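Novice: Next one to model:
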Amino acid sequence: MARVFINNVDTYLGEQVAEIFANTVVGSTVEEAVEEEEGSTQAAVRYEVVGTVSCASAVPCAAVSEVVSAEGLDELLVALIQCDIIVYDITGDEEQVENCLIACNALHEQMTNFKSPKTFICLSSVMSWCKTKPNEPAIEDEPEQPFTEEDYRRRKPHHNFKAEINVEKQVIKLGKTDKTRFLTYVVAAGLPYGGKEDVFHYFFKVAWNGDSAALNIIGTGENIVPTIHVKDLSNIVVSVADSKPKTRYILAVDDSMNSMTDIITCISKNLGTGNVMNISREEALLLPEISHRIFDILSVNLRMEGTWIKDGAKFEWTSETGIIENIGPVIDEYKRSRGLLPIRICVLGPPASGKSLVASQLCQHYKLHHLKIADVIHEAIEKLEKQAARAETEDGEEGDDEAAQAAQETLDLLNESKQENNDRYEDQYIIQFFTEKLLAMPCQNQGFVLDGFPKTYAQAKDLFGNKEEPEDEDAPKLEYNPKLMPEAVISLDGDDEFLKKRVMNLPELVVAGTHNTEDLFLKRLTEFRMINTDDQTVLNYFDELEIHPEHLDITADTSFNMSQVVEKVLKVVGVPRNYGPTKEERLELQRIEMEKRLKLEALAALELQRKEEEERKETNRRKEEWTARVKEVKEQEEEVLQAQSYPLRNYLMKHVMPTLNQGLIEVCKVRPEDAIDYLFLILFVQAEYLFEHNPQVD
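Specialist: Sure, this is the predicted structure:
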């Protein structure tokens, strides 16, 4: 098995080159090898891909069998020597320019120790040709002759890409020492496109988002841009590794020689609004999405033609004629690679069921277009009126006059229809308006939410029915147009009593001037129930196509803004399929999140303060209650003691205190030195006297 090393296999080019190598049979791009293998029964041997990643957290594609550490040269060199083919991409990362030269020099020094020949391919860009003097035109007044590989010795680089041309020269030089052991090549690629896009990504993203009225063209846009599809570039690298051509410097460009204006206009027409606008180079440098390096690359002005890829390379082209001729598949690749697939939702239900409320939240979450009947009709009428007004201007062209007349005729028919149908437009016109809106770029790019339309089986069939024949005659014709058909149909279900109560509880200011006044609401509700009683309802139409509606009971949702219903719809539809929030939106989300957090913290602090206050009050209450009980107990004890002390006090007052008072009076009169002994003597004498003269004592 042939082993291939690719630096930064997680990048735009690295990932694509790795996938092409991993899916290629060794030698399959060489014509002679293909002829020999036709009668061979041996199993096909494919390339084994290893490589480094741009950062430690990067995850390489499944085509990479092993990730090599690039922290130390010795460790990297061991991995490089174990490989038969080494591919170094220096187009995207300035650091890799130096790394490429280091790796090539290290391999050249170890050349005598190789067990098998090595092929080193430096994947560079046409920026090393930017200042090359143009060839003379073959015919006077014709464009100059394109550069080919034969002119590579004359190439002069852009002043910011001098390091790249030095690496190119050194790589070619090192491969001349011993071609049997160490072959080197330089592949100079045009501006790559395709897949998830890289150099042209800014234009694709702006066009897909539809936020800008026009795509920007830097300067005059007259510069000729050499381009190459990323798959074709990868196949060229594989073909070089397989066939080992004698040509050491190879130009990888497609047949197109389109100007920047042509390319940007094509992207805008097929993905955006169709409008372009020239901006100055100074204005372009101020755009945060365009780095200085990308700015330099987009400013290239070269006519180039690859001769070896026409004569020597053997592979099947993906986009030989260029980006403009293949814009359809290129846009499809871009959308699939970026996961930018439209989300189509239809929200149906009875009046006052909250269709618009749910639809608006879905549009906000998924960044979709909210399509309400009144808005679609108003927008279509306004567009027709603007077209018709051009007929009154004197500077209009012939084509504009015809379009203006057609618009005016349509307006006249609409007014007639409205007068004849009780101030309503016929279904055919409404279907036409919705079809045009759904097929417009914004809805085809991001997706949409149909709010309460279609209402009937017939409307759904007319709107979503497939009127186009399949491109392949053998392919079966679909019953519906996949560009219009919703992938999720949501039915908001609620009984009449619930809906009536909901409308009755609405504030009068909200109801005024709407269809939710009592009479109009009941009329609309009756009409809705009438057209949804038989077997041919709008929900039956989706069921027949096996796009089964999701029924959600709105009566069970007690949340604010029907958030519970919205959460269920989000689970049904899945994750968003867009670029996600912009930098400004992320900052706004962070601000909202911060406000929520601060609000929650403030509420938590208030709740803690409330609990502490309640605990303090409870503690004080219990303390007061305890103090009162202690006081009460003390009073009760005092009363008991007081009651118990009355007999003792009476006894003492009657039998003890008179004698004790006399003794104390006598002590005060005499004032002896030892008052206690004197008092004791007096009491003792009194006691003897009383004892002798007590008649009760025998």
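Novice: Show me the strands in the stretch 351-500 of the chain, by range?
Specialist: Here the stretch 351-500 of the chain has its strands, by DSSP state E, counting those that start in this stretch, at 369-372, 447-451, 488-493.
Novice: Looking at those strands, spot the one closest to residue 677.
Specialist: Among those, strand 488-493 comes nearest to residue 677, with 110.6 Å by CB to CB. Where C-beta positions appear, they are placed from N, C-alpha and C, glycine not excepted.
Novice: Could you write out the alpha-carbon coordinates of the closest one in CSV?
Specialist: Taking Å, rounded to 0.1, in the frame of the first residue of the first chain, the C-alpha atoms of strand 488-493 are listed here in CSV:
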residue,chain,number,x,y,z
ALA,A,488,-42.9,19.5,8.5
VAL,A,489,-46.6,20.2,8.8
ILE,A,490,-47.9,21.4,12.2
SER,A,491,-51.5,21.3,13.1
LEU,A,492,-52.5,23.3,16.2
ASP,A,493,-55.6,21.6,17.6
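Novice: quick revisit: and the strands of the stretch 351-500 of the chain, which is most packed in?
Specialist: Among those, the stretch with the highest mean neighbour count (mean count of other CB atoms under 10 Å) is strand 447-451, at a mean of 26.
Novice: For this structure, give the helix that spans the most residues.
Specialist: Taking DSSP state H as the criterion, the chain has its longest helix at helix 583-651.
Novice: mean confidence for it?
Specialist: Mean pLDDT, helix 583-651: 87.
Novice: swap in stretch 543-555?
Specialist: pLDDT averaged over stretch 543-555 gives 92.
Novice: can you list contacts of it?
Specialist: With contact meaning CB atoms under 8 Å, 6 or more residues apart in numbering, stretch 543-555 is reached by 348-349, 353-354, 479-480, 485-495, 498, 539, 542, 562, 565, 568-569, 572.
Novice: Alpha carbons only: can I get it in PDB?
Specialist: The C-alpha trace of stretch 543-555 is given here as PDB (Å, rounded to 0.1, in the frame of the first residue of the first chain):
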ATOM      1  CA  ASP A 543     -51.300  12.500   4.600                       C
ATOM      2  CA  GLU A 544     -51.800  11.100   1.100                       C
ATOM      3  CA  LEU A 545     -48.200  12.100   0.200                       C
ATOM      4  CA  GLU A 546     -47.000  10.500   3.500                       C
ATOM      5  CA  ILE A 547     -46.000  13.800   4.900                       C
ATOM      6  CA  HIS A 548     -47.900  13.300   8.100                       C
ATOM      7  CA  PRO A 549     -48.900  16.400  10.000                       C
ATOM      8  CA  GLU A 550     -47.800  16.700  13.700                       C
ATOM      9  CA  HIS A 551     -50.900  17.300  15.800                       C
ATOM     10  CA  LEU A 552     -50.300  19.500  18.900                       C
ATOM     11  CA  ASP A 553     -53.000  20.100  21.500                       C
ATOM     12  CA  ILE A 554     -52.800  23.800  22.300                       C
ATOM     13  CA  THR A 555     -55.300  23.500  25.300                       C
END
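Novice: Please state the offset of it from the chain centre?
Specialist: 28 Å (CA atoms, centre = their mean, to the nearest Å).
Novice: Can you list the buried residues in it?
Specialist: 547, 549, 552, 554 (16 or more other CB atoms under 10 Å).
Novice: Tell me which entries of those lie within strands.
Specialist: residue 552 (DSSP state E).
Novice: nearest to residue 388, of the buried residues of stretch 543-555?
Specialist: Distances from residue 388 to the buried residues of stretch 543-555, taken by CB to CB, are shortest for residue 547, at 38.2 Å.
Novice: contacting residues around residue 484?
Specialist: Residue 484 neighbours (CB under 8 Å, 6+ apart): 344, 435, 438, 439, 463, 464.
Novice: Surely residue 277 is within a strand?
Specialist: Yes. According to DSSP: H, G, I helix; E, B strand; the rest coil, residue 277 belongs to a strand.
Novice: Leaving out chain neighbours, which residue sits closest to residue 47?
Specialist: Spatially, and ignoring its direct neighbours in sequence, residue 47 is nearest to residue 21 (4.4 Å; CB to CB, 6 or more residues apart in numbering).
Novice: so which strand or helix has that neighbour?
Specialist: helix 12-22 (DSSP states H and E).
Novice: Show me what that helix packs onto, helices and strands only.
Specialist: Packed against helix 12-22 by the contact rule (3 or more CB pairs under 8 Å, 6 or more residues apart in numbering; DSSP states H and E) you find strand 3-6, strand 48-51, strand 85-89, helix 230-243.
Novice: Specify the angle between it and strand 85-89 in degrees.
Specialist: Counting by axes from the mean of the first three to the mean of the last three CA atoms, to 10 degrees, helix 12-22 lies at 160 degrees to strand 85-89.
Novice: what is the rounded mean pLDDT of stretch 19-36?
Specialist: For stretch 19-36, the mean per-residue pLDDT is 73.
Novice: What subset of the contacts of stretch 543-555 is buried?
Specialist: Members of the contacts of stretch 543-555 classed as buried by 16+ other CB under 10 Å are 348-349, 353-354, 480, 485-492, 494, 498, 539, 542, 562, 565, 568-569.
Novice: what about residue 53, how many neighbours?
Specialist: Residue 53: 20 surrounding residues under other CB atoms under 10 Å.
Novice: Mean pLDDT for the strands of the stretch 351-500 of the chain - can I get that in a markdown table?
Specialist: Listed next are these as a markdown table, based on pLDDT from 0 to 100:
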| stretch | mean pLDDT |
| --- | --- |
| strand 369-372 | 95 |
| strand 447-451 | 96 |
| strand 488-493 | 95 |
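Novice: Of those strands, which is nearest residue 78?
Specialist: Here strand 447-451 is closest among the strands of the stretch 351-500 of the chain (CB to CB), at 50.4 Å.
Novice: what pairs with the closest one, and is each one parallel or antiparallel?
Specialist: Applying DSSP bridges to the sheet, strand 447-451 is found paired with strand 343-348 (parallel), strand 369-372 (parallel).
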